[in-house]
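**Student:** Just need the structure, nothing else, for what follows:
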Amino acid sequence: MDIKVIVNGTEFIAELFDNRTSEEFRKLLPLRFEMEELNGNEKCRYLSKKLPADSENVESIEAGDIMLFGSSCLVLFYKSFNTTYSYTRIGKIRDAEGLEKAAGKWDAEIAFMEI
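**Tutor:** Next up, the predicted model:
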């Protein structure tokens, strides 16, 4: 299933993966909030509801990955890098070109909604 992700006014299309976490995340849509800048490569926000988690050591993060850290921290990555942390995969922005620019260097206004 595809959803729309709007980052500081710039629209992207993301594919949600076929898993329990993504299904429960989709039930929360639409979501619109400020996501906190973290580590110069991601935006994060703790959700008010815990989601089912099935975390794995993903080893490599790609720009556009949408993941869950723990059971309630939603993360949108805007840079690619290697990691030793574990995440549950939720989805991925199909074409992340321009995502880093849209995300900016500080907290960002981000919306997730069904198409």
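**Student:** where along the chain do the helices fall?
**Tutor:** Ranges of helices in the chain, per DSSP state H, are 20-28, 99-103.
**Student:** Can you show me the strands along this protein?
**Tutor:** Using DSSP state E, the strands of the chain run over 2-7, 10-16, 31-38, 42-46, 56-57, 60-61, 65-69, 73-77, 81-82, 86-93, 108-114.
**Student:** Of all the helices of the chain, which one is nearest residue 35?
**Tutor:** When the helices of the chain are compared by C-beta to C-beta, helix 99-103 sits nearest residue 35, at 8.8 Å. Every C-beta, even on glycine, is put in place using the N, C-alpha and C of the backbone.
**Student:** Could you check how far the nearest residue to residue 38 once chain neighbours are set aside is from residue 106?
**Tutor:** Leaving aside its chain neighbours, residue 38 sits nearest to residue 44 (5.1 Å; criterion: C-beta to C-beta, 6 or more residues apart in numbering). According to C-beta to C-beta, to the nearest Å, residue 44 and residue 106 sit 13 Å apart.
**Student:** Give me the more crowded residue out of these two.
**Tutor:** Neighbour count, other C-beta atoms under 10 Å: between residue 44 and residue 106, residue 44 has more, with 17 against 10.
**Student:** Now do that one, the pLDDT please.
**Tutor:** Predicted confidence (pLDDT) at residue 44: the value is 98.
**Student:** wait, which of the helices of the chain is closest to residue 72?
**Tutor:** Between residue 72 and these, the tightest spacing by C-beta to C-beta is seen for helix 20-28, at 11.0 Å.
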